[in-house]
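S.K.: Fold the following, please.
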Amino acid sequence: MTIIKAKDILRNYLREKGLRNTRQREVIFDAFFSADKHITVEGLFNFIKRKNPGIGYATVHRNLTLLCQSGLADEIKIGTNKTRYEPKFGREHHDHLICIKCGRFIEVTDGKIERLQDKLAEANEFIPVRHKLEIYGICRDCK
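M.R.: Have a look, this model is predicted:
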């Protein structure tokens, strides 16, 4: 059900922007949401091209950008490493622990941190729109 709602959001966004919903967009959308991990443009492109060799790298990149602009995906940039993307729609907000040795992403959710962020914003008469917390360190496998 969630994937159907996400597709509706994308179709409405495309309509608002005067863009067409192409077969290639559908393939990229389906592959991205089925990946269920933080994925690079290259990773998604390589996954897609096995079954759809006619889809180009630039098309995958443009459509990932479009998914971010529509609010269905998030872009994660970490230093000079390649940008990664993750599905946003239908997923609970979470933060990331990121290993600086192997690049592993660990998704974490903590209500105390969320409440503290809200408290900090309120104390400063600030209305948060969005946020992300990324903690960089060394994972247990790389110690």
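S.K.: Report the central residue of the chain.
M.R.: A centroid search over the chain (Cα atoms, centre = their mean) returns Glu86, at 2.5 Å, as the residue closest to the centre.
S.K.: show me the contacts for that residue.
M.R.: Lys37, His38, Ile39, Ala73, Asp74, Ile76 (Cβ atoms under 8 Å, 6 or more residues apart in numbering). C-beta: built from backbone N, CA, C; applies to glycine.
S.K.: can you do 7 Å?
M.R.: His38, Ala73, Asp74, Ile76 (Cβ atoms under 7 Å, 6 or more residues apart in numbering).
S.K.: swap in Phe47?
M.R.: Contacts of Phe47 (Cβ under 7 Å, 6+ apart): Ala31, Ala35.
S.K.: tell me the mean pLDDT for stretch 124-141?
M.R.: Across stretch 124-141, pLDDT averages out at 90.
S.K.: Just the buried residues of that stretch, please?
M.R.: Cys139 (16 or more other Cβ atoms under 10 Å).
S.K.: And stretch 100-107, by the same measure?
M.R.: Arg104, Phe105.
S.K.: Stretch 46-66 too?
M.R.: For stretch 46-66, by 16+ other Cβ under 10 Å, it's Phe47, Ile48, Ile55, Thr59, Val60, His61, Asn63, Leu64, Leu66.
S.K.: Then stretch 92-102?
M.R.: Asp95, His96, Ile98, Cys99.
S.K.: And these, which is closest to Glu114?
M.R.: Distance to Glu114, by Cβ to Cβ, is smallest for Asp95 among these, at 9.0 Å.
S.K.: Identify the residue nearest the closest one in space, chain neighbours excluded?
M.R.: Take Asp95 and drop its neighbours on the chain: the residue closest to it by Cβ to Cβ, 6 or more residues apart in numbering is Leu133, 3.8 Å away.
S.K.: Wait, Lys88 touches Ala73, no?
M.R.: Yes - shown here, Lys88 and Ala73 form a contact pair, counting by Cβ atoms under 7 Å, at 5.4 Å.
S.K.: I'm done for today, thanks for sticking with me.
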